[in-house]
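**Q** got a predicted structure here, sequence first:
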Amino acid sequence: MKRITFIAAVLLAQFAIASQNRKVLIIGMDGVRSDALQQANTPNIDALMSNSFFTYESYHRGITVSGPSWSTLMCGVEYNKHGVTDNSYANSQYNTYPYFPTRAKSCLPDLYCVQIVQWAPMSDNVYNDGWDLKLLVQDGQGSQSVTASQNQLVNPNLDVLFVYFDEPDLAGHASGFSPNNPIYMNAIESVDGHIGSIMTALQNRPGYADEEWIILLSTDHGGIGNGHGGNSSQERTIWWIGSGNNASPIQMTGVTDPGSIALGNYNASVGAQSPCQADIAATALDHLLRGSSCNPTINPSWNLDGQSWLDSLYTPPALAVNELPVDNFDFIYFPNPSIDLVSLWYKNEENEAISYEITDLNGKVVEINSNVQGLTPNKLNISFADKPKGEYFITLIIGAQRQTKKVIIE
Amino acid sequence: MKSRLVNLVVFLVLPFLSFAQQQKASVRGVVKDTLGNEIPGVAVLLEQKSIVVITDGNGRFVYFDLPSDTVYSLLFSGISYSKKRLFVSLSGNQDLDLQAVILRDSTELEEVEVLGVLNNSEAKALNMMKNATKQTTVVSAEELEKLPIKNAADAVAHVPGVGVQRNQGENSIVTLRGTPSDWSSTLLNGDRLPVADEEQQTRSFEFEALPAEVIDYVVESKTASPEMESDNIGGSINFVTRLPVTKKTFNCDIAAGVNAFSSKPTGSFTALYGNVSKNKKISFVADVSYYGRNYSINAIKAVYGSVFNHALNRLELRRYNGLRTTAGGNAGIEYRPNTKLKFGANFVGGYMADDKYMYKESFNWYDESGTNALRLQSTHGIYNRRIYGGDLYVEYLPTNRLKLRAKLAHYDNRFWYGAAPFKQRSDKRNGFFVTEFMSVPLQFTDLVGVDKFGNASTNPYAYLKLIGSDNPYGTGDDPQNIQPKFTNQLTPDQFRFSQSYTETNQTRERDPIVGQLDAEYKITNRLNVRFGGKFTHKTGFRHISKHEWFQDFSSGNSQAILLSDFATESFMEHPENFMKQEGGTYANLMFPFLSENDLNGFIHNDEIQLREVYMDKLNYQYNQWVGSNYDYREDRLAGYGMFDYTAKKVNINGGLRIENTQLYETSDTLTSTIAFDEASQTYYYLPEQRVTRLNYNSLLPSFNATYFVNEKTNIRVAASRTMHRPNFEETKPGHAVIRYNELEYTFGNPKLRPTYSANIDACYEHFWGLKGMFLVGAYYKNIKDQIFAISTGSVDSISGIVTKRYDNAPSSWVVGFEGVFIRKFDFLKGHWKNLGFNANVTYSISRMKVPGRTASQSMVGQTPLLYNIGLSYESDRIETKIELAYSGPYLKQLNLSALQGVGLLYKDSDYDVFANSYYSLDFEFTYLINDRFSVFVEANNLLNSPDRLYVGKSWRVYKTEYFGVKAQIGLKVDL
């Protein structure tokens, strides 16, 4: 214990540069099936979900293997761009498609980013990743991950932390990836315990009250039988959690499977309607860079496949839904400009009927929808995919209240 | 410790020394054949008193305490010798030394001409068997030479009751009566040899490193007696090295041949020289041998991965090409300053290098990384084994009543990997070197959707490869010809480098001091008592690890290293022959491999950047290795006392052996203390050493009784208690030995008890002189504390695998029957009378109770049926023999995998591993050109019978290995 304290002191001494308030914690769990996560007893993940945007219907769009999948999560692009197709990591294109910290640092070079992984190849084979510190703990040893995380979380300048757990995958290979397998479920639940310890350490940060953390959680693949790597729904159906400051959890359901690049049937426009692995990096970048001098937050030249769901899970304190004017009806929308999909957030405490109108610049009504069902009580997605590029007005009508805003579709 | 032993012996022996002051006449001598060889086992009958004395190992006999001034008649009779009656007149307190009593060969008159050296070792063997004081089989040097034998295990492969386990097609581990391999005691000159093997951690010596040339004769003792080394539940087999000669001897043979599978040469050379000093006081022998053989092995292995069904995870096609060279020799010297004193020394050494390349194709339907690829592994390993040792002994006969013998021995056995992939021999990274190229993921078309237990399902739990009748849709592959089916068209540029690694291994066991004292005191001519002790100090270690290389991407260059960038070789020259015997059709599945040259240079190649990963406490998978290494020290102290009573028709002997065993063993475990290494930025658990200290005493009584029905017939009964010590992996402290793939997480048990067996034996044996013999016998063994890996109830928190621990299990039993028939067809006419026939069979029934399984079952490792059938022809110039050995199927390994919440997964034997039966047919033909030269042809494994393992049912292939036929032609010279 003495030694640990000493290490912490050494680390503290290294912390020098002042940092920013917007911070990201990414928690990766290897090989967790969506149905297993739903059935597992995970109070700590549940707590994170209570103010999150999440789905249990995220469909894997690439190769259901660790190397390619984690690369997708971290780079924000699918394997046909980052080049990693198996655990050898050969042909990786990290110079063209780096890990998101490298992207973020191109804008904010002083960000301090740390990764803590159990599975060494994930650390050793990756370059141009932007981590200031790549810590290794031993495979399946969650308590080491917790210790390492705690030591990092005392650093006030920490901006990005990625913690990775391998236990569920190890258990799945040994005894079966199945919610009916108590061993596999135990492994998920034990990781949940470790997440609780990490969250406690996070919340104990001296400056926590003033920091703006988002916590992103996902997995690399599901599993079937004792393995994975294929394209069965048990391997492809994964989950995505973005824990921010939503007043109540927002769950996306009824997601259409967009297909997979590995299967050759991927439909990008369907894919854009739901969160996927590449969206982890995109959302993290959005959060880190939004409000910075970088504009736009996601540079089109980065050619990311992922899109940010930041607005679904996090509202900057000044704009938080809770702080929308009580008297004046208003809504927040994102992204703008958009390619096709625009998300609207609003207050609807009475759960009144929602309608919207879209008019073009000439005032011509191009779409009216009455009594629409939002994704959540607070969110509605509107697709512009069938409309020509240009500028439109969106009018949101809830009960007797209405508000109009302009959106650009590119 | 030593002084304790000396005190013991002095205390026991002194009272008898004072007895020996009585003054009576005595007569003694040494029985020899016409060539001067001493003949043990000859019955010397003192006709006036109807007392029989059997000549000892040096042909000696003695009668004492005889009333003087009388004429006595001594009748000498031994199998195959003419009887001889000598009259001796003894007067006063005369101590008459007859010196050499020469027995003539009973067949000599019939033989017109004897070519070559006839050392009558066969006759010697027969006499030792007939007049042994317990159930014994002796294999003579002469008998050994009748078949192509290269290593010491070959020498006993056809001996009744002997089963031999093969390693890469060569006889390796010797077992008796089909018992588990480490239950038999295999001795060299009476000492159990230290064991240091690459793979197996038992106490069973692997004989392929010990050339047969060093063996003079072999004594198999099926029943125990107190003076013998313990660890002999199955029985004991003692290899006696070349004895100093009685006249100048020089012979050599040289042979060359071919291995049918490798189509490459084999060659052997042996030479033996011995001589006697002019005053006959010093005699010696020395021999050297060399055997080099190219070999190839074709093998197939199926890896079943799932826990709840028989899904195939992986199919491996393997081709081995290797060169094994064995060099060995021994030397023996004896100095006899007078008839009462003998000093001697033996040295023996064997060295074997196995320089082996292997190509392995693995088709992975499922693997841990989720990459369902074809992996091509090129491997190279140089396996070195070296055993050497020797002994110094002194034998002193201060009086006719007392015989004292002291012996000091030293043995050292070591396994290590040779200079690959690093030229520097001392490089610790040398090992079994593997370089792997991996294909793109395979699009398999042969997976079927089934439920958790492999049954047909419309809502599949998994998509699996199921073969034979395991496939519920009837679409399973023929298990003899498992075919991966996928749509990819694979070319060398689709295989990329994935990893290189060496499996390192340093294993050594030494018995630096083995001390032995024996005293034999004749109270009367009929009764003698023997006392003695033995001390063995043993040290050893097993250090295994792994060293890995991956492509280094840190420079940002991540371009895949492709197989097409290198020189390649084909899997084998005629791929259509691979598993052809099984009906296999694999020619279309053969891919090119990294050439031997490029493999050896791979990690030295400047054009590729590699990153080295060490297996140390900082490695992320160290928990899988921390428990694999262990060091140990074992001291054994044994003392025994026994009597031996011989009447004219009866011999009874027996007594008690007490053994004390003290073990000190260390191995590491991981503590829960988390530490941090700055240099590598790694968190890890601090390792800590743990210790096993065992101290136990074993009481091992044994009795043998023989009724000599007549000169040709014996009835024998025996009863004994014998033991088997756990091996050092089983008693290991510290972390578990982990094999994740097999759900094995097995802890050693520092409190393990040895296994004990209560044995009863009976047999009837009849000898037809040199013409043959037959034997029928039965035995029963009741075994307590058999050693098993049983579930502990605690669970590995990561994998959910229920950890196992070696423990003592409830009792088991074996009942066995055996028969031996050896006969020359002398009753036939003409050439037919030169024919001979031999056969032996061992059949056993065993039952054991497996903890957690409801039904009792056959014992693990117990081979129920073993037999040999041989046919020989021996004339003046031609000597030929063909012999078939059969070893029946047996349960090799229990699958006692257990999971949290499920318990023991397999309640029956359907997931256990069985060894299938195999046949081995060997042939030798020798033609004597004249009394100096002979030519011979020898062939091994004529039936090319595979070694085969299966899971649960005999069709469910686990591993099949074909070794091919080996044949040599050679020249023998006797000068």
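**A** Arrived safely, thanks for sending. Being a predicted model, the structure only gives us computed values, none of them experimental.
**Q** ok, now which ones touch B:Asn459?
**A** When contacts are counted by C-beta atoms under 8 Å, 6 or more residues apart in numbering or on different chains, B:Asn459 touches B:Asp451. C-beta: built from backbone N, CA, C; applies to glycine.
**Q** and the pLDDT at it?
**A** Per-residue pLDDT puts B:Asn459 at 84.
**Q** quick one: B:Thr792 from B:Leu694, how far?
**A** For B:Thr792, the distance to B:Leu694 equals 19 Å [C-beta to C-beta, to the nearest Å].
**Q** can you check B:Val42 too?
**A** B:Val42 is 45 Å from B:Leu694, by C-beta to C-beta.
**Q** mind listing the helices for chain A?
**A** For chain A, helices defined by DSSP state H occupy the ranges A:2-14, A:34-39, A:43-49, A:66-75, A:79-82, A:100-107, A:121-124, A:142-153, A:167-175, A:182-203, A:233-236, A:268-271, A:278-289, A:310-313.
**Q** please name whichever of those is nearest to B:Lys428.
**A** B:Lys428 lies closest to helix A:121-124 among the helices of chain A, at 21.6 Å (C-beta to C-beta).
**Q** now do the closest one: which elements does it pack against?
**A** Helix A:121-124 is packed against helix A:66-75, with contacts defined by 3 or more C-beta pairs under 8 Å, 6 or more residues apart in numbering or on different chains; DSSP states H and E.
**Q** now the angle between helix A:100-107 and the helix it packs on, please.
**A** Put simply, helix A:66-75 runs at 20 degrees to helix A:100-107, going by axes from the mean of the first three to the mean of the last three C-alpha atoms, to 10 degrees.
**Q** nearest to B:Glu612, out of the helices of chain A?
**A** Among the helices of chain A, helix A:121-124 sits nearest to B:Glu612 (C-beta to C-beta), with 10.7 Å.
**Q** excluding chain neighbours, give the residue nearest to B:Leu942 in space.
**A** In space, and not counting its chain neighbours, B:Leu942 is closest to B:Leu921: 4.2 Å by C-beta to C-beta, 6 or more residues apart in numbering or on different chains.
**Q** ok now do the one you found, which residues does it touch?
**A** B:882-885, B:941-943, B:945.
**Q** now do 7 Å
**A** By C-beta atoms under 7 Å, 6 or more residues apart in numbering or on different chains, B:Leu921 lies in contact with B:882, B:884, B:942-943.
**Q** who's more crowded, B:Val42 and B:Leu694?
**A** Comparing B:Val42 with B:Leu694 by other C-beta atoms under 10 Å in any protein chain shown, the one with more neighbours is B:Val42, at 29 against 19.
**Q** once you drop chain neighbours, what's closest to that one?
**A** B:Gly78 (3.9 Å).
**Q** mind checking how far the one you found is from chain A?
**A** To chain A, B:Gly78 is 65 Å away according to C-beta to the nearest C-beta, to the nearest Å.
**Q** from what I can see that residue touches B:Leu126, true?
**A** No. Using C-beta atoms under 7 Å, B:Gly78 makes no contact with B:Leu126, being 8.1 Å away.
**Q** so what's the residue nearest to B:Leu942 bridging to?
**A** B:Leu884 (DSSP bridges).
**Q** tell me which element the most centrally placed residue in chain B falls in.
**A** For chain B, B:Ile173 is the residue whose C-alpha lies nearest the centre (C-alpha atoms, centre = their mean; 2.1 Å). Element membership of B:Ile173 [criterion: DSSP states H and E] is strand B:170-176.
**Q** for that strand, give the mean pLDDT please.
**A** 86.
**Q** sorry, back to before: for the contacts of B:Leu921, give me TSV that also has pLDDT.
**A** TSV is the format used below for the contacts of B:Leu921 (pLDDT from 0 to 100):
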residue	pLDDT
B:Ile882	93
B:Leu884	93
B:Leu942	92
B:Leu943	92
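**Q** can you tell me the residue of the stretch 51-200 of chain B closest to chain A?
**A** Closest contact between the stretch 51-200 of chain B and chain A, by C-beta to the nearest C-beta, is at B:Glu199 (23.9 Å).
**Q** low-confidence ranges in the chain?
**A** By default, I'm working from chain A. Low-confidence segments of chain A, defined by pLDDT under 70: A:1-19, A:291, A:295, A:317-327, A:335, A:375-376.
**Q** please refer instead to chain B.
**A** Within chain B, the ranges that satisfy pLDDT under 70 run B:1-23, B:107-121, B:305-307, B:740-743, B:793-802, B:900.
**Q** what's stretch B:874-881 in contact with?
**A** By C-beta under 7 Å, 6+ apart, stretch B:874-881 touches B:113, B:115, B:146-147, B:831, B:834, B:836, B:870, B:872-873, B:924-928.
**Q** buried subset of these?
**A** Buried by 16 or more other C-beta atoms under 10 Å in any protein chain shown: B:146-147, B:834, B:836, B:870, B:872-873, B:924-926, B:928, out of the contacts of stretch B:874-881.
**Q** what's the closest of the residues you listed to chain A?
**A** B:Leu147 (48.0 Å).
**Q** settle this for me: B:Tyr950 is touching B:Tyr958, isn't it.
**A** Yes. Here B:Tyr950 reaches B:Tyr958: they are 5.3 Å apart, a contact under C-beta under 7 Å.
**Q** is B:Asn838 in a helix, a strand, or coil?
**A** Per DSSP: H, G, I helix; E, B strand; the rest coil, the local secondary structure of B:Asn838 is strand.
**Q** quick check: bridge partners of it?
**A** Counting by DSSP bridges, B:Asn838 is bridged to B:Ile822, B:Gly870.
**Q** neighbours around it, how many?
**A** Neighbour count of B:Asn838, defined by other C-beta under 10 Å: 22.
**Q** was I right to think it contacts B:Ile822?
**A** Yes. Using C-beta under 7 Å, B:Asn838 makes contact with B:Ile822 at a distance of 4.2 Å.
**Q** okay, A:Tyr333 and chain B: tell me how far apart.
**A** 40 Å.
**Q** typed the wrong thing, it's A:Ser69
**A** Taken as C-beta to the nearest C-beta, the span from A:Ser69 to chain B is 9 Å.
**Q** neighbours around the nearest residue to B:Arg725 once chain neighbours are set aside, how many?
**A** In this structure, B:Arg725 finds its nearest non-sequential neighbour in B:Pro754, 4.9 Å apart by C-beta to C-beta, 6+ apart. B:Pro754 has 21 neighbouring residues, counting by other C-beta under 10 Å.
**Q** please report phi then psi for B:Pro754.
**A** When read as degrees, to the nearest 10, the backbone of B:Pro754 gives phi -70, psi 160.
**Q** what's near enough to touch it?
**A** B:696, B:698, B:723-726, B:785.
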